[in-house]
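*Asks:* quick one, what's the 3D model for this:
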Amino acid sequence: GVGPEMRVLDIGCGSGDVSLLAGAVVGPAGSVLGIDRSEGAVEAARAKVRAGGADHVDFLVTELDAFEAPTPFDALVGRFVLMHQPEPASVLRAVSRTVRPGGAIVLLESWMEVLRSGGHSEPFSSLYDEIVQWKCDVVGGAGADLHAGGRLRTVFRSAGLPDPETRLEAVVAGGPDSPYYEYVEESVRSMLPEARRLGLEGFDETASGGSPTGCGPRSCRRPALCSPGPSSRRGPRARTPTRTLRRRARIRRPATRCTIQSRATGTVTTGQAAPASTPSVTPPATRPKPALFHVVDM
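*Replies:* Predicted structure coming up:
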C-alpha cells in the first residue's frame, strides 16, 4: 500500500482530492504527483494545494498513456479512472511502467451496473431507483464502463500484471440525518452538464436558482423526484432529490444504505501472485426495522 515518505503517482487526478489524501499519508517527506488530461481540473487541484499549503503535492497536464517518469514511483493510485478509458488494460500497462519493481498499484473502480436490477433498497424504493437509473444513464451515456469494478482483475491480467488482491466493499449507514442525502445531491449536480449534453431530463435546475427545468404542477416529468426546497426571490421554490429522500426517510423510519465499490491492489513484481480476497460487506452497527438498504456507486 501507500505509506510515509513514498513517491506516489495519482492517475486521472481530476481536481486533486485523492492526491491530497495520498499527500496526507506520505507526509512532507514524501511526494505526490497527480496527472490528468484536463487543464481546468489540474488548475482546480493546484488551487486546493495553494489553499492548503501541501507543497509536496504537485500536478501535471498530460495524457495518461503518454506520461513518462524520469524516476520510478513507489506507488500508483487511481480512483474511478479506468472505467472512463476505452482501452483500460492498455492504459494500465502504460502507467504501470512508471512504478518501481515491488511498488504498489492501488485502484478503486465503481460497479454501477449491479444497481440496475433494483438490489439497492429493502424495502424497494422507487424514488431511489429512478435516481440510480438516471445516474447510470448519464455515466454510461458518457462512455464509461458500468461494469468496471467487476472487471478489475481481468484488466490487471490483460495489462501483464500479476493477479491483484481484490475486494468488493459495501458500507452500510443511514437514518434521517445521514450525510448520504448530501452525497446524492452533489452527485446529481456534478452530472447535470453531461446530462444536458446527452439530452437526459429529470433533475436540471434553471440558472436563476429556481426549480428543475420543466418542473411544475403540470409539466414535471418526474414528480416523484422533486420536493420543495428553500424559496428564492428570483424564481419558484427549488426542488431537490436530497430533500425528498430525507423527507421519506423520516416518514419511513431510520434507513440504512450501502455503498458498493471494487478495489484492486497489485504490484509490478513477478512471481507468485497474491490471492484475491472474498468479497465482503460491512454490516451496519445497528439494523433498524425496516431497513432501507441502498447500494450506490460512490
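*Asks:* going by C-alpha atoms from here, please, whenever you check contacts or count neighbours.
*Replies:* Fine.
*Asks:* now for V155, how many residues are close by?
*Replies:* 22 (other CA atoms under 10 Å).
*Asks:* and the pLDDT for the residue lying closest to it once chain neighbours are set aside?
*Replies:* Spatial nearest neighbour of V155, excluding adjacent residues (CA to CA, 6 or more residues apart in numbering): A89 at 5.1 Å. At A89, the pLDDT value in this model is 98.
*Asks:* list the contacts of A89.
*Replies:* V155, F156, S158, A159 (CA atoms under 8 Å, 6 or more residues apart in numbering).
*Asks:* return the distance of it relative to S121.
*Replies:* 33 Å (CA to CA, to the nearest Å).
*Asks:* just G199 next, same as before
*Replies:* 28 Å.
*Asks:* tell me which of these two has more neighbours.
*Replies:* Neighbours were counted for G199 and for S121 using other CA under 10 Å; S121 has more, 21 against 9.
*Asks:* ok, and what's touching stretch 129-136?
*Replies:* M112, E113, L115, R116, G118, H120, L146, V188, M191, G202, L225, V296.
*Asks:* for the fourth one, which non-adjacent residue is spatially closest?
*Replies:* With CA to CA, 6+ apart as the criterion, R116 has its nearest non-adjacent residue at 6.4 Å, and that residue is Q133.
*Asks:* okay, that neighbour: pLDDT?
*Replies:* pLDDT at Q133 comes out at 93.
*Asks:* selection in PyMOL covering whichever of the contacts of A89 are buried, please.
*Replies:* The buried residues among the contacts of A89 can be selected in PyMOL (16 or more other CA atoms under 10 Å) with this line:
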select buried, resi 155+156+159
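*Asks:* now, the contacts of A89 that are in strands?
*Replies:* Within the contacts of A89, no residue falls in strands by DSSP state E.
*Asks:* mind putting the contacts of A89 into CSV with pLDDT and distance to A24?
*Replies:* What follows is the contacts of A89, written out as CSV (pLDDT from 0 to 100; distance: CA to CA, whole Å):
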residue, pLDDT, distance to A24
V155, 97, 29
F156, 97, 27
S158, 97, 32
A159, 97, 29
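*Asks:* helix, strand, or coil at G102?
*Replies:* strand (DSSP: H, G, I helix; E, B strand; the rest coil).
*Asks:* how many other residues sit next to it?
*Replies:* 13.
*Asks:* returning to that earlier point: now, among the contacts of A89, which is nearest to L21?
*Replies:* F156 (23.8 Å; CA to CA).
*Asks:* separation between the closest one and E39?
*Replies:* With CA to CA as the criterion, F156 and E39 are 28 Å apart.
*Asks:* just the contacts of A89: which are in helices?
*Replies:* If you go by DSSP state H, the contacts of A89 have V155, F156, S158 in helices.
*Asks:* looking at those, spot the one nearest I105.
*Replies:* Nearest to I105 among the ones in helices among the contacts of A89, with distances taken as CA to CA, is F156, at 9.9 Å.
*Asks:* I'd say that closest one and P162 touch.
*Replies:* Yes - the pair F156 / P162 is scored as a contact, 7.0 Å apart, by CA atoms under 8 Å.
*Asks:* these two touch, right, G143 and D137?
*Replies:* No - here G143 does not reach D137: they are 9.9 Å apart, not a contact under CA under 8 Å.
*Asks:* how about stretch 174-190: buried residues?
*Replies:* Quick answer for stretch 174-190 (16+ other CA under 10 Å): G174, G175, P176, S178, Y180, Y181, V184, E185, V188.
*Asks:* what does stretch 138-145 give?
*Replies:* Under the neighbour-count rule (16+ other CA under 10 Å), stretch 138-145 has V138, V139, G140, A144, D145 buried.
*Asks:* and the first one, what helix or strand is that in?
*Replies:* So the one you mean is V138. helix 126-141 (DSSP states H and E).
*Asks:* ok, of the ones in helices among the contacts of A89, which one's closest to T98?
*Replies:* Out of those, the member with the shortest distance to T98 (by CA to CA) is F156, at 15.4 Å.
*Asks:* show me the contacts for that closest one.
*Replies:* A89, L92, P162, D163, P164.
*Asks:* would you format the contacts of stretch 129-136 as CSV with distance to S15 and secondary structure included?
*Replies:* Formatted as CSV, the contacts of stretch 129-136 follow (distance: CA to CA, whole Å; DSSP: H, G, I helix; E, B strand; the rest coil):
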residue, distance to S15, secondary structure
M112, 22, helix
E113, 25, helix
L115, 27, helix
R116, 29, coil
G118, 32, coil
H120, 29, coil
L146, 22, coil
V188, 18, helix
M191, 15, helix
G202, 26, coil
L225, 29, helix
V296, 22, strand
